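Participant: Give the three-dimensional model of this entry:
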Amino acid sequence: MDFASIDVKGAEYKKAAILFCYRTTHCIDSAFSLLSKEYPDVTRKDVEAWFTELRLDEIPVPVNTGNQQEKALFSLSPKLLQEITKYLSAQDLKSISQVCKLLKQCVARIDVRIDLIHIFLKPDSIEIKTVKPGSTSLCQITQTPNGCSVNKDGFTTSQRRTFLEQLADEFERCLGNDNRKIKKLDIEVDKESDHQTEFFDKLITTLRRLDSRLDCETLHTDFCPSRTLKFLIEQLSSEHFKDLRIRSATQVIHVGPYDMSEIILLPHWKKLTAFFSFCDLTNISLLDFAHIDCVSATTSSRPTEDIASYILACAMSSSSYQLIGLPIENVEDVASRLLPFGVEKKCKDDYSRTGRILLEGRGHLEYQISKLSLSLIGRYN
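Facilitator: Model (predicted):
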């Protein structure tokens, strides 16, 4: 570029100077201070008008409030900020809010982050706890002869609907809009409750009404029928999903074989860190458990080779604790397949073997094999 040919007093140079001030997020006052030195006839009103002309779609003019210069990022419209947050997780928003006060206020203003929703089904009531940055809300819904009573943060009202219908309404209110970011969703069920099936149905129906799948990082839930569990998990987006824990509320919550075929195909299964079930699991291989940190489950008899491969896979994935109830026909055969990878100790009886698989520089995995079960305990450095 031939800089000598630029007319610094010309209209094009003036436009470039205005654009520079705008693009570098100068407020109107600071831009006027700079431009008036070069162009004495420029007024503050002129600068404000030029900034308005240059305004990008939905991006307001940077303003000056007192001694605080509000940058363009912090003055974006709520609609545009919500669009940006679609690409951020709850953890991302939490990290952003810890940078400075302005960013903390910016995240709080769009109100899309929820740290915890804990839903607890009791025999005749439901408790919903919602934790947001800087606030906690507690809602207690109790069944009554004529409907239910709702105690929310100390204020009680009566409703002429069932307490499960009220649950759906309150849960939907917690979620607010389809762009909410949930750090943790915790679903707990009292084993004495007779409303477990309808309870989970209400939760799933509410989640399905959202325009998109719920952005949730962690799901901890009590056990429920396999189809119900599958429907619940698949309502959650897998994009930012990090942790799944499934626990059994009672030993008799589900009677008979429990089909895992559809659940293990969900991408969320790979994020499973704890699994506790007293049901007889079907259509699942032992290797499907190997990546899980803590497991307590029951399944059918498996070939010797599958059992040995599963134990070795658990050692490589550094599982902490696994207890699998299953009939093992030939304990000695399984132990012999593991012998090249560690040491074995024969128990006093002929029905069990214990041993450890050494992991170079990472400790070892202890195992105990018996006719009825297999247990693994990780001892890692």
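Participant: all helices of this structure, in order?
Facilitator: Assigned by DSSP state H, the helices in the chain fall at 11-23, 28-38, 44-54, 78-85, 90-97, 101-110, 163-175, 196-208, 226-233, 304-317, 331-338.
Participant: want to throw the ones you listed into TSV with mean pLDDT, distance to S125 and mean neighbour count?
Facilitator: Placement of C-beta: from N, CA and C, glycine included. Listed next are these as TSV, based on pLDDT from 0 to 100; distance: least, C-beta to C-beta, whole Å; neighbours: other C-beta atoms under 10 Å:
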stretch	mean pLDDT	distance to S125	mean neighbour count
helix 11-23	70	57	15
helix 28-38	78	57	17
helix 44-54	77	56	15
helix 78-85	65	34	14
helix 90-97	69	28	17
helix 101-110	64	31	15
helix 163-175	88	7	19
helix 196-208	91	12	18
helix 226-233	90	21	19
helix 304-317	89	40	19
helix 331-338	86	48	18
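Participant: Generate a markdown table for these, with distance to R356 as supplementary columns.
Facilitator: A markdown table is the format used below for these (distance: least, C-beta to C-beta, whole Å):
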| stretch | distance to R356 |
| --- | --- |
| helix 11-23 | 65 |
| helix 28-38 | 69 |
| helix 44-54 | 70 |
| helix 78-85 | 48 |
| helix 90-97 | 37 |
| helix 101-110 | 48 |
| helix 163-175 | 47 |
| helix 196-208 | 41 |
| helix 226-233 | 35 |
| helix 304-317 | 9 |
| helix 331-338 | 9 |
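Participant: Figure out which of these is closest to F275.
Facilitator: Among the helices of the chain, helix 226-233 comes nearest to F275, with 11.2 Å by C-beta to C-beta.
Participant: I'd like to check the angle between the closest one and helix 196-208, please.
Facilitator: Relative orientation of helix 226-233 versus helix 196-208 (axes from the mean of the first three to the mean of the last three C-alpha atoms, to 10 degrees): 30 degrees.
Participant: which helices and strands sit right next to helix 226-233?
Facilitator: In terms of contacts (3 or more C-beta pairs under 8 Å, 6 or more residues apart in numbering; DSSP states H and E), helix 226-233 is packed against helix 196-208, strand 215-222.
Participant: thinking again about what came up before, the helices of the chain: which one's closest to D153?
Facilitator: Across the helices of the chain, the minimum distance to D153, taken as C-beta to C-beta, is reached by helix 163-175, at 12.1 Å.
Participant: who's in contact with the closest one?
Facilitator: Outside helix 163-175, the residues that touch it by C-beta atoms under 8 Å, 6 or more residues apart in numbering are 114, 117, 119, 124-126, 128, 130, 139, 141-143, 147-148, 150, 159, 182, 195, 198-199, 202-203, 205-206, 209-210, 214.
Participant: from those residues, which would you call buried?
Facilitator: Burial of these was assessed by neighbour count (16 or more other C-beta atoms under 10 Å); the buried members are 114, 117, 119, 124-126, 128, 130, 139, 141-143, 148, 150, 159, 182, 195, 199, 202-203, 206, 210, 214.
Participant: Sitting in strands, which of the residues you listed do you find?
Facilitator: By the criterion of DSSP state E, membership of those in strands covers 114, 117, 119, 125-126, 128, 130, 139, 141-143, 148, 150, 159, 182.
Participant: For V189, state which of these is nearest.
Facilitator: I119 (9.2 Å).
Participant: re the thing from before, among the helices of the chain, single out whichever gets nearest to Y380.
Facilitator: It is, among the helices of the chain and with distance given as C-beta to C-beta, helix 304-317, at 9.9 Å.
Participant: So which residue is dead centre in this structure?
Facilitator: Computing the C-alpha centroid of the chain and ranking residues by C-alpha atoms, centre = their mean puts E217 first, at 1.0 Å.
Participant: isn't that residue right up against S237?
Facilitator: No - in terms of C-beta atoms under 8 Å, E217 does not count as a neighbour of S237; the distance is 9.8 Å.
Participant: how long is stretch 128-138 from one end to the other?
Facilitator: End-to-end distance for stretch 128-138: 6 Å, by C-alpha to C-alpha, to the nearest Å.
Participant: That's all I had, so thanks and see you.
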